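Q: Here is a sequence together with a model predicted from it:
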Amino acid sequence: MLKSFTRNYQDNSTEAGFQFTFYCDICNDGYKSSFIESETYKKGKLMRGIGQGASILGSLVGGRASNVGYTADRASGVLGERFEGRTPEWQKEHEMAFERGQNEAHQHFHRCPSCNQYVCDACWNEDAGLCTACAPRQEVYVAKAHADAMKRNIDDAGAAATVWQGEIESKTTICPVCGKPAGTGKFCNNCGAPMDLKECPKCGAKNALTVKFCNNCGTNLAEAAVPAVPPGQCPSCGEQNPPGTKFCGSCGAKIGL
């Protein structure tokens, strides 16, 4: 009759003998019982040995001895076929060996009175008299709770941390000469035209070299690029005249409006 202790086991028995592995209901670590050789298997080996010996003797002397060897060998073969179907003798041996295996393995397991699981020594809380699933060991549970809290704190700190404060911006500079993407260098990747930008003297915005008006404030960049003539300076020869002079004293050109 099966017992509750046998609900988590593996039968490793073969024709030659019996062995069982019993597993912990929590961690599934196993305990393998001692191997028990089958008595019917030993008898079968003996009979096969006798049959083979008689067959060899019969082949040497011939006649009646050969017939005896053939009969014994045939009986051995019939017995082997019965082993394939697990004979009643083998079944009885198996039942007895299974009970011995249970009694042997039972010493290495504990039955939890709370959940009725059979557990190994590693999963048994000896102080509480319960399995570790029902009553975790205090030092282990505290260490696990501490580790879980540490992971939560690290995750929270990582989620709240600011690792970059720049602006996400992606621009493609078009070359004003060839009209293709120019890249990020000082010269166009396609035609080699200079990609320097000129600054608006009014608002400071950067504009392409070929732009005539500031793209930010609309200032005429062509007029703004012409330097202002100092008062009294002749626009023709560059001679500096006293303020208020209407005609250049050097070349006679008109100064101012």
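A: Here it is on my side, so go on.
Q: Is residue 182 in contact with residue 195, as I believe?
A: Yes: taking contacts as Cβ atoms under 8 Å, residue 182 lies within contact range of residue 195: 5.4 Å. Bear in mind the C-beta positions are built from the backbone N, C-alpha and C, glycine included.
Q: joint contacts of these two?
A: In terms of Cβ atoms under 8 Å, 6 or more residues apart in numbering, residue 182 and residue 195 are both contacted by the residues 173, 175, 188.
Q: Compare residue 182 and residue 195 (neighbour count), which wins?
A: Neighbours per residue, other Cβ atoms under 10 Å: of residue 182 and residue 195, the larger number sits with residue 182, 23 against 20.
Q: Residues in contact with stretch 206-217: which ones?
A: With Cβ under 8 Å, 6+ apart, stretch 206-217 has contacts from 176-177, 194, 196-200, 202-203, 205, 219-222.
Q: Stretch 115-124: end-to-end distance?
A: Terminal residues of stretch 115-124 lie 12 Å apart, using Cα to Cα, to the nearest Å.
Q: Helices - which of the contacts of stretch 206-217 land there?
A: Assignment to helices by DSSP state H places the following of the contacts of stretch 206-217 there: 221, 222.
Q: Pull out the buried members of the contacts of stretch 206-217.
A: Judged by neighbour count, with 16 or more other Cβ atoms under 10 Å as the criterion, the buried members of the contacts of stretch 206-217 are 177, 198, 200, 219, 221.
Q: Mind checking which of these are in strands?
A: residue 198 (DSSP state E).
Q: Okay, buried residues for stretch 15-25 please.
A: For stretch 15-25, burial by neighbour count (16+ other Cβ under 10 Å) applies to 17, 18, 19, 20, 22, 23, 24, 25.
Q: and which of these is nearest to residue 124?
A: Among the buried residues of stretch 15-25, residue 24 lies closest to residue 124 (Cβ to Cβ), at 9.3 Å.
Q: thought that closest one was touching residue 7?
A: No: in this structure residue 24 lies outside contact range of residue 7 using Cβ under 8 Å: 11.9 Å.
Q: Quick check: neighbours shared by the two?
A: In terms of Cβ under 8 Å, 6+ apart, residue 24 and residue 7 are not both contacted by any residue.
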